[in-house]
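**Student:** Show me how the following folds:
(chains A and B)
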2 protein chains.
Amino acid sequence: MQPATSQNLPEGFLEACAAILGPARVLTDAQARAPYEVDFWQAITGRAAAVLRPRTTEEVAAVVALAARHKVAVVPQGGNTGLVGGGIPDASGRQVVLSLSGLDRVRSVDPSGEWLIAEAGCTLAAVQAAAEAAGRLFPLSLGSEGTCQIGGNLAANAGGVNVIRYGMAKELVLGLEVVLADGRIWEGLRTLRKDNTGYDLKQLFLGSEGSLGIITAASLRLCARPRERVTVFAALPAPETAVSLLRHAKDRFAELISSFELMAGGCVDAAVAHLEGVRHPLETRAPWYVLAEFAWSLPEGLAAATEAWLGDALEAGLLLDATIAASEAQRAMLWRMREEMSPAMRREGKIIRNDISVPVGSIPELIARGEALLRSLVPDGRLLPFGHVGDGNLHFNILLPMAIQDLEPLRERVQHAVCDLVQALGGSISAEHGIGRLKQAELAERKSPIELELMRRVKQALDPDNILNPGVILAP
Amino acid sequence: MQPATSQNLPEGFLEACAAILGPARVLTDAQARAPYEVDFWQAITGRAAAVLRPRTTEEVAAVVALAARHKVAVVPQGGNTGLVGGGIPDASGRQVVLSLSGLDRVRSVDPSGEWLIAEAGCTLAAVQAAAEAAGRLFPLSLGSEGTCQIGGNLAANAGGVNVIRYGMAKELVLGLEVVLADGRIWEGLRTLRKDNTGYDLKQLFLGSEGSLGIITAASLRLCARPRERVTVFAALPAPETAVSLLRHAKDRFAELISSFELMAGGCVDAAVAHLEGVRHPLETRAPWYVLAEFAWSLPEGLAAATEAWLGDALEAGLLLDATIAASEAQRAMLWRMREEMSPAMRREGKIIRNDISVPVGSIPELIARGEALLRSLVPDGRLLPFGHVGDGNLHFNILLPMAIQDLEPLRERVQHAVCDLVQALGGSISAEHGIGRLKQAELAERKSPIELELMRRVKQALDPDNILNPGVILAP
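**Tutor:** Got it, this is the predicted structure:
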């Protein structure tokens, strides 16, 4: 049992929170706090003074105003699926977690205007479902979509499997409602496609991991729901071939490519071994596989075009074998294999994760140099990367024997070396997971002084007392 | 002859500028300054203390550092095609214009990485040509593309005829190089699709009209160049039909729609009357016309799909008549008609311009209420709107008799009333032209106090001495 942390808060603070939220929505008991103090992979832990669970924007505003008056740091948390500790409090036991889960209404949907307004605590799956019910598509899609929340997706600028076509989370946003650091509400829920009236304030909050304001609702762009969708699984000899195959596909299908995912053979093996109902899609065994999807709104013709393309690609030596999903069930299996690859790999050992991007053409070099790095740093590790090769983004994961003890120093050493490699290749040390607490030191080391200064000036301008998620992105 | 203004500058300032740029690149003579002191339509004028014409980022940085030391206000100017006075100095004769025209190199093009890096002073047409030469498309396209410069396009977040498919100018940017208010250079020329490493600093500068930093170069996203492109011109009975036709097209073609433009019959008549080589594309005369374009990268099939769609739309009563451009020459004529509509209308009278957006479904109400407004305010005016109906954006132009005198008070009254109407419909008083000096007072009146405060805080954080384009967007 952990000790109580509520004595770390100013006198009267919790009582005032309880007066706003009701006592049942102020959690101070260690057991009640526990799920909010550790991340999804049980890798990043902290200690909260309390957990606050508002149900409305006004309640969020009231508790943030209270926190600002008392100089209590607030850590906003959504579905707690983040991988960099952006929603986990620090170890001080002095920060309060503000869970947005209670704000879970889809406020309105306008299918012909092609937008909907959802509160921060809606799961991504709930947003997708609301769009689907209106005959539209909300294209953001990622492994944790059943649990992650849209507020967190936007605060972290989530990526996922459809970025190549539809962009990152922030590109799907028309407007925001935000609680500012002093507890005032900025009502910016625009739904217009074009609005050039001054600075684009929503950009301050998108991707800032709750450190400049707390997103409580968003107006989101909806897209057309494709009528025909073709899913391809292909076996490839090498990463170089994946890059060539991508270019070959782009030349023909361009914006019709919704996903283009690369997976090491070992990732597919792990998925087949550990995921119920997932079997290997091909007879051919290969060191690399690609899962790609093309889609359009016309009723037909894309499957035939895809078959013709696969024939050409085979002839050009760009793949060893390929199959097209013949049913919705086969498509679902392919995507489950991809989406649950990470948990499946976890059954085989311990994992050091890396979320990085490089110019697409440098993917083969990244993998080759990564293999060499691994041989010197972790001889008993296996490099099992998978990810969104269409965007130059790989989850550059390293699988270690389950028996390995005291992973933390090794993890830090490996991640640092991977960051060095990525930087040498002109890439990014965080492609889609963000910085959070996990990569804050790496960021401080690698960003230019002028960038860090600009970020600090923005932080100072919007949160001068450092109330909102201090220690995330920038050192506290 | 205007009086000299160089005595408005601190002692030694111009000499120091001349030492950096060379004397030929420091214009003080009234005649030399004149083209930089008036906008494209000769509607907005100012007076500059001097005009500075650097050729490199380092020269821009050096003169801005000098201006910062001497507290001299700097007005960046690109191709001077803006319509809101964002690049025109105020009337004080104390500001210096900084022309970016000399920074006109395309620094690098990577067709397989799908990006290029261009300096601020490249014309949009030069950027398009560089993309084309590499087998790619830079999709930003607007009437003034031969003259406007990419730096200005990004500072103003330009729109144009392809926004429905490719987004606004800022959505095409991967990275920026910016000279800050103190003359330091932020080197942010990333070319990655995915990079979640802290605050997205480029967003501060995109659309801020040179008031937070001076964009000197940008890395721009390139897109696939379509292989098949189908251009449709259709006659319609009413704006309602245009909205229905758009929905009908979206349902079938979705992201394959590159443009969807609406024009009042009078706009087409003016183009046919005044533009050399432009003739009416249809026998049918109608009160409204739509110019739409669909495109994809597949070699063929889209023309047939478009013909089938036009048949369905005709049957559904969504158009009166339509034609498909049968050659590149016909397509070029249709687009010239659209792009040069504004100068053509100007031959018929004086024009009060409005660049506004509303939810797409409210376009018919906007036009109906706009007509009523006009009858009461300007009985001898004609409402001749045209624009990007696919984005809810109309250039809500009012044609007045050439003989009318003293247009300015009437223009202000009409624009104010149009802003009221737009606000009532939940629209934007500037869809794609920006705020500049022209709409700064309207913005101050219509934005919420909290938004104006947030904007001021951002301005204060990045330009505490108000050196950069003071009086643009926010009151000085």
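
**Student:** The residue nearest to A:Leu314 when sequence neighbours are not counted: which element?
**Tutor:** Leaving aside its sequence neighbours, A:Leu314 sits nearest to A:Ala322 (C-beta to C-beta, 6 or more residues apart in numbering or on different chains; 7.2 Å). All C-beta spots, glycine's among them, are computed from the backbone N, C-alpha and C. If you go by DSSP states H and E, A:Ala322 is part of strand A:321-324.

**Student:** That strand - which strands sit beside it in the sheet, and in what orientation?
**Tutor:** When pairing is defined by DSSP bridges, strand A:321-324 lines up against strand A:228-236 (antiparallel).

**Student:** Show me chain A divided up by domain.
**Tutor:** Structural domains assigned to chain A are A:6-99, A:106-224, A:228-343, A:349-459, following automatic domain parsing.

**Student:** Can you give me the distance of A:Arg165 to B:Gly370?
**Tutor:** Distance, A:Arg165 to B:Gly370, by C-beta to C-beta, to the nearest Å: 37 Å.

**Student:** Apologies, that question was intended for A:Gln405.
**Tutor:** 73 Å.

**Student:** you'd agree A:Ser211 is in a helix?
**Tutor:** No. Going by DSSP: H, G, I helix; E, B strand; the rest coil, the assignment for A:Ser211 is coil, not a helix.

**Student:** Show the contacting residues for it.
**Tutor:** By C-beta atoms under 8 Å, 6 or more residues apart in numbering or on different chains, the residues touching A:Ser211 are A:459, A:463, A:468-470, A:472-474.

**Student:** now it, nearest residue through space, not along the chain?
**Tutor:** Computed as C-beta to C-beta, 6+ apart, the closest residue to A:Ser211 that is not its neighbour in sequence is A:Asn469, at 4.4 Å.

**Student:** My guess is that neighbour contacts A:Phe205. True?
**Tutor:** No. With contact defined as C-beta atoms under 8 Å, A:Asn469 does not count as touching A:Phe205 (11.8 Å).

**Student:** okay, these two: which has more neighbours?
**Tutor:** A:Asn469 (30 against 27; other C-beta atoms under 10 Å in any protein chain shown).

**Student:** And stretch A:435-451, how far out from the chain middle?
**Tutor:** Chain-centre distance of stretch A:435-451: 18 Å, with C-alpha atoms, centre = their mean, to the nearest Å.

**Student:** Sorry, wrong one. I was asking about stretch A:242-255.
**Tutor:** Centroid displacement of stretch A:242-255 relative to its chain, using C-alpha atoms, centre = their mean, is 25 Å.

**Student:** what's it in contact with?
**Tutor:** Stretch A:242-255 is contacted by residues A:165, A:234, A:236, A:257, A:260, A:262, A:288, A:290, A:292, A:294, A:305, A:309, A:312-313, A:316, A:318-319, A:360-361, A:363-364, A:389-390, B:112, B:223-224, B:226, B:255, B:296-298 when judged by C-beta under 8 Å, 6+ apart.

**Student:** and that stretch, C-alpha only, in CSV?
**Tutor:** The C-alpha coordinates for stretch A:242-255 follow below in CSV (Å, rounded to 0.1, in the frame of the first residue of the first chain):
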residue,chain,number,x,y,z
ALA,A,242,9.2,-2.2,-49.9
VAL,A,243,10.4,1.3,-50.8
SER,A,244,10.4,0.5,-54.5
LEU,A,245,7.0,-1.2,-54.2
LEU,A,246,5.6,1.9,-52.4
ARG,A,247,6.8,4.1,-55.3
HIS,A,248,5.4,1.7,-57.8
ALA,A,249,2.0,1.8,-56.0
LYS,A,250,2.1,5.6,-55.6
ASP,A,251,2.8,6.1,-59.2
ARG,A,252,-0.4,4.2,-60.1
PHE,A,253,-2.8,4.8,-57.2
ALA,A,254,-1.5,8.1,-55.6
GLU,A,255,-4.1,9.4,-53.1
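
**Student:** quick check: mean pLDDT across it?
**Tutor:** Averaging pLDDT along stretch A:242-255 gives 96.

**Student:** now do stretch A:45-59
**Tutor:** Stretch A:45-59 shows an average pLDDT of 98 in the prediction.

**Student:** Of all the residues in it, which ones are buried?
**Tutor:** A:46-55, A:57, A:59 (16 or more other C-beta atoms under 10 Å in any protein chain shown).

**Student:** Is there contact, residue-wise, from that stretch to chain B?
**Tutor:** No. Residues of stretch A:45-59 contacting chain B under C-beta under 8 Å from any C-beta of the partner chain: none, with a closest distance of 13.9 Å.

**Student:** Quick one: end-to-end length of that stretch, please.
**Tutor:** Separation of the first and last residues of stretch A:45-59 by C-alpha to C-alpha, to the nearest Å is 27 Å.

**Student:** Likewise for stretch A:257-272?
**Tutor:** End-to-end span of stretch A:257-272 (C-alpha to C-alpha): 26 Å.

**Student:** Check which residues of it are buried.
**Tutor:** Neighbour-count burial for stretch A:257-272, counted by 16+ other C-beta under 10 Å, picks out A:257-264, A:266-271.

**Student:** returning to what we had before: out of the contacts of A:Ser211, which is nearest to chain B?
**Tutor:** Distance ranking of the contacts of A:Ser211 against chain B, using C-beta to the nearest C-beta, places A:Ile473 first at 5.1 Å.

**Student:** My read is that the closest one contacts B:Tyr199, right?
**Tutor:** Yes. If you go by C-beta under 8 Å, A:Ile473 and B:Tyr199 touch, sitting 7.2 Å apart.

**Student:** Quick check: neighbours shared by the two?
**Tutor:** In contact with both A:Ile473 and B:Tyr199: A:208, A:455, using C-beta under 8 Å, 6+ apart.
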